[in-house]
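A.B. asks: next comes the sequence, and after it the predicted model I'd like to discuss.
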Amino acid sequence: RPKKLQRAIESVVEQTYKNWELIVVNDHPECDVRDRLPDHDAIRYVHHDDNQGAPTARNNGIKRSEGKFVAFLDDDDEWDSKKIEQQVAVFNNSYDSLGVVYTGTEVRRCNNRTYNSANKKDNLTKKLLKENFVGTLSSVLVRRSIIEQVGGFDIRFPSWQDKEWYIRLSQYCEFKPVNKYLTIRHMTGDDHISDDFEQ
């Protein structure tokens, strides 16, 4: 989805937090989007020769990244310009036991908008087993040292790998919300991996 990808990339380039790197992982072998990427020293491109699925694509992005924190952005989502700055500020004012900072999400469907708040929860693992209160993976910023302890995404999950990962993360670290709608999801008629719950 090259046009959506461009919008997502622009929302990274426009972040008020400037110390970032962007790894674009293309898991659609027939669609090379290199020519659509802006000319920017902090952007790197990874092209899979065969479709390997979202968990592998995300793991490859993590492996190629170098930052102290790791964020994720699906090509059909975008970030408010202050998202990363506000999440990093929460990390900088917290203990090392904090591993995940997540934001509220604005969901756009045609002309309709809904808002999912980000609220602090106790008994994280138990709550996550009941519901994915964190929401989309595009809303999280994760401390790399925690990822190194927990491991990456489970490639056996064709979908819902984000919820499984949150459950594992919750056994190693604390989560904190930024209750502002800093992540924007665009829900259209396109297929979403998470739609296929039976698989």
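C.D. replies: That came through, no problem. Numbering: from 1, shown residues only.
A.B. asks: show me what E106 is bridged to.
C.D. replies: Y115, I184 (DSSP bridges).
A.B. asks: cool, and V25?
C.D. replies: Note on V25: beta-bridge partners V46, judged by DSSP bridges.
A.B. asks: contacting residues around it?
C.D. replies: 46, 48, 57-58, 60-61 (Cβ atoms under 8 Å, 6 or more residues apart in numbering). In short, each C-beta sits where N, CA and C put it, glycine included.
A.B. asks: got the residues you listed as a markdown table, with pLDDT, neighbour count and secondary structure columns?
C.D. replies: Below are the contacts of V25 laid out as a markdown table (pLDDT from 0 to 100; neighbours: other Cβ atoms under 10 Å; DSSP: H, G, I helix; E, B strand; the rest coil):
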| residue | pLDDT | neighbour count | secondary structure |
| --- | --- | --- | --- |
| V46 | 85 | 14 | strand |
| H48 | 80 | 15 | coil |
| A57 | 92 | 18 | helix |
| R58 | 95 | 22 | helix |
| N60 | 94 | 17 | helix |
| G61 | 95 | 20 | helix |
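A.B. asks: ok, the residues you listed vs S138, which is closest?
C.D. replies: Minimum distance to S138 across the contacts of V25 is 11.3 Å, recorded for R58 (Cβ to Cβ).
A.B. asks: so who does that closest one touch?
C.D. replies: 25, 72, 137, 152-153, 161.
A.B. asks: of those, just say which sits nearest to R185.
C.D. replies: Nearest to R185 among the contacts of R58: L137, at 10.6 Å, using Cβ to Cβ.
A.B. asks: gap between that closest one and C110?
C.D. replies: Per Cβ to Cβ, to the nearest Å, L137 is found 23 Å from C110.
A.B. asks: rewinding a little: just the contacts of R58: which are in strands?
C.D. replies: Taking DSSP state E as the definition of strands, the contacts of R58 contribute V25.
A.B. asks: in JSON lines: the contacts of R58, plus pLDDT and distance to E131.
C.D. replies: Output for the contacts of R58, formatted as JSON lines (pLDDT from 0 to 100; distance: Cβ to Cβ, whole Å):
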{"residue": "V25", "pLDDT": "91", "distance to E131": "28"}
{"residue": "F72", "pLDDT": "97", "distance to E131": "20"}
{"residue": "L137", "pLDDT": "96", "distance to E131": "16"}
{"residue": "G152", "pLDDT": "96", "distance to E131": "23"}
{"residue": "F153", "pLDDT": "97", "distance to E131": "20"}
{"residue": "Q161", "pLDDT": "92", "distance to E131": "16"}
